[in-house]
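Novice: I would like the atomic coordinates for the input below:
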Amino acid sequence: MRKPRKPTPAQQRALAQHLGAALKRNVALAPRTSFRIGGPAAFYVEAKTPEALATAVRVARRFDIDYFLLGRGANILMGDRGYPGLVIANHAQAIDVYGTCVTAASGALVYPDLIDAAVAQGLSGLEHYVGIPSTVGGALWQNLHFLSPAPARERTMFIGEVLESAEILTADNERRRVDVDYFEFGYDQSVLHSRDDIVLSATFELEPAPAETLTRIMQENLRWRAERHPPLDSEPSAGSIFRKIEGIGAGRLIDECGLKGLRCGDAQISPRHANIIVNHGRASAADVCALIMHAQRCVQAETGYWLTPEISFVGEFAPVTRLAADARASTAQPATS
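Specialist: Numbers count the residues shown, from 1 in each chain. This is a model prediction of the structure:
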């Protein structure tokens, strides 16, 4: 991945001219991510409508300015040195319900906003994703998924199953509507990973269902997540760090290597879920990277599998101090420099 560039003086003047008073400088990003980690954005703008989002992206593209589109800030690790280009915070959150369809701007939160709007109208299809931190745009980026309802939980359900269409800003800066086939959804995968298209809004086709059924599914899923995942409010994280391997959970492999609970500074491989790293207050991106690389080396050495990160690494990173090869959960690790 190419290192993001700092805008030149001419590019900075273009940002100021075209984004006006909405453009901010040196804005803290750690509070705007679920990990609560990372340095500042050199330039920052909030887009509160799909139109404003499209405008900000077009400006960045027109003047060849590196930009990052920030939603809920989940599933990412922001570098300790921040982002030197333009961060566009997607706060476009409008939601409309008509019949059995729900249309939401891409910055709307899947939970609670989108799910609550659907459930309030007795519409089913989104309640499965309760408790997962994601915007609508992020949900389409990764094809948000969760297990089917209890008690069977016999399959994985994907948000792409209820997507009817979406409005996108293409790489050529054209706004157009696409259907679900455009996204080429897979597990944690969509065509957005390989195209420079931006989701502006999405429309979901849902089905009527009794309120008590929807409430039961939501309560069961929230309880299931609470039993297995550290709480974001007290133990910030980015969610799952690594992808599954041939149906084998990465957390299981990490746990089998004795790494559950291992700390580096204020970062820790969660004692509750080995595929989640939590921030105990002052963790740095370097601390997290040290744990990620250590888990990769240990799992490969002991099982032959290589763990591929699921999270995105954004911005500029400080050097990482490697952990000792024999470091395990019982070994206290110093903070990285």
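Novice: For stretch 225-240, which outside residues touch it?
Specialist: 33-37, 74-77, 131-133, 250-251, 270, 272-273, 275-280, 310-311 (Cβ atoms under 8 Å, 6 or more residues apart in numbering). Heads up, the C-betas are built off the backbone N, CA and C, glycines and all.
Novice: Excluding chain neighbours, give the residue nearest to Ser106 in space.
Specialist: Gly137 (3.4 Å; Cβ to Cβ, 6 or more residues apart in numbering).
Novice: Same check on Leu140?
Specialist: Counting by Cβ to Cβ, 6+ apart, the residue nearest Leu140 is Val199, at 5.3 Å.
Novice: which residues sit in contact with that neighbour?
Specialist: Per Cβ under 8 Å, 6+ apart, neighbours of Val199: Ser106, Val136, Gly137, Leu140, Trp141, Ala166, Glu167, Ile168, Leu192.
Novice: count of neighbours near the closest residue to Gly258 other than its chain neighbours?
Specialist: Leaving aside its sequence neighbours, Gly258 sits nearest to Arg328 (Cβ to Cβ, 6+ apart; 4.5 Å). If you count neighbours by other Cβ atoms under 10 Å, Arg328 ends up with 15.
Novice: ok, so what distance separates Thr8 from Ala301?
Specialist: Per Cβ to Cβ, to the nearest Å, Thr8 is found 45 Å from Ala301.
Novice: Could you do Thr100 as well?
Specialist: 52 Å.
Novice: So for these two, which sits in the more crowded spot?
Specialist: Using other Cβ under 10 Å, the more surrounded residue of Thr100 and Ala301 is Thr100, with 17 against 10.
Novice: So the more buried one sits against Leu206, correct?
Specialist: Yes: between Thr100 and Leu206 there is a contact at 5.2 Å, judged by Cβ atoms under 8 Å.
Novice: got any residues that touch both of these two?
Specialist: Joint contacts of Thr100 and Leu206 (Cβ under 8 Å, 6+ apart) are Leu123.
Novice: where does the residue nearest to Gly258 fall, phi/psi-wise?
Specialist: phi -130, psi -180 (degrees, to the nearest 10).
Novice: how much space between it and Asp255?
Specialist: The gap separating Arg328 from Asp255 is 11 Å, by Cβ to Cβ.
Novice: now swap in Arg177 and tell me
Specialist: 45 Å.
Novice: who has more neighbours, these two?
Specialist: Neighbours were counted for Arg177 and for Asp255 using other Cβ under 10 Å; Asp255 has more, 18 against 12.
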